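S.K.: 3D model of this:
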Amino acid sequence: MELKVGDIFKCPEGYNAKIVWIREDKKVIAVRCPQKHFDKVAKVVDNTKPALSYRRHPTKERTIYAENMVFLISI
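M.R.: Numbers count the residues shown, from 1 in each chain. Model prediction:
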């Protein structure tokens, strides 16, 4: 199977992604996926509430997604 930059390949989560890089020995490729990945929950400062004490602020949780993620895939 001959792969070229610009071809469509599946990302690790199963979405269609575009090949953006191929290593010279053709054993590793990089694919860019336009879908959202890794819904990770992060704590961020909630500035709508007053500070608790010096350098302590109330926090809230926010879900973080990454778009256009690039994955390295070994073939």
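
S.K.: Can you list the strands that the least confident helix or strand in the chain by mean pLDDT pairs with?
M.R.: Least confident element among the helices and strands of the chain, by mean pLDDT, DSSP states H and E: strand 37-45 (a mean of 73). Within its sheet, strand 37-45 is paired with strand 59-66 (antiparallel), according to DSSP bridges.

S.K.: where do the helices sit along this structure?
M.R.: Using DSSP state H, the chain contains no helices.

S.K.: how about stretch 30-39: buried residues?
M.R.: By neighbour count on 16 or more other Cβ atoms under 10 Å, the buried set for stretch 30-39 is 30-31, 33, 37. Yep, even glycine has a C-beta here, placed from its N, CA and C like the rest.

S.K.: Dump those to a markdown table, plus distance to N47.
M.R.: Below are these laid out as a markdown table (distance: Cβ to Cβ, whole Å):
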| residue | distance to N47 |
| --- | --- |
| A30 | 38 |
| V31 | 38 |
| C33 | 33 |
| H37 | 28 |
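
S.K.: Out of the residues you listed, which is nearest to M1?
M.R.: Proximity of these to M1 (Cβ to Cβ) peaks at V31, which lies at 14.5 Å.

S.K.: which one among the buried residues of stretch 30-39 gets closest to G6?
M.R.: Of all the buried residues of stretch 30-39, V31 has the smallest distance to G6: 11.0 Å, by Cβ to Cβ.

S.K.: Please list all residues in contact with that closest one.
M.R.: V31 makes contact with 9, 11, 17-20, 70-71, 73, according to Cβ atoms under 8 Å, 6 or more residues apart in numbering.

S.K.: same question, K60
M.R.: So K60 contacts 43-44, 46 (Cβ under 8 Å, 6+ apart).

S.K.: Tell me the one of those residues nearest P58?
M.R.: D46 (4.8 Å).

S.K.: my guess is that closest one contacts E61, does it?
M.R.: No: in terms of Cβ atoms under 8 Å, D46 does not count as a neighbour of E61; the distance is 9.8 Å.

S.K.: Between the two, which is the more surrounded one?
M.R.: Applying other Cβ atoms under 10 Å to D46 and E61 shows that D46 carries more neighbours, namely 12 against 9.
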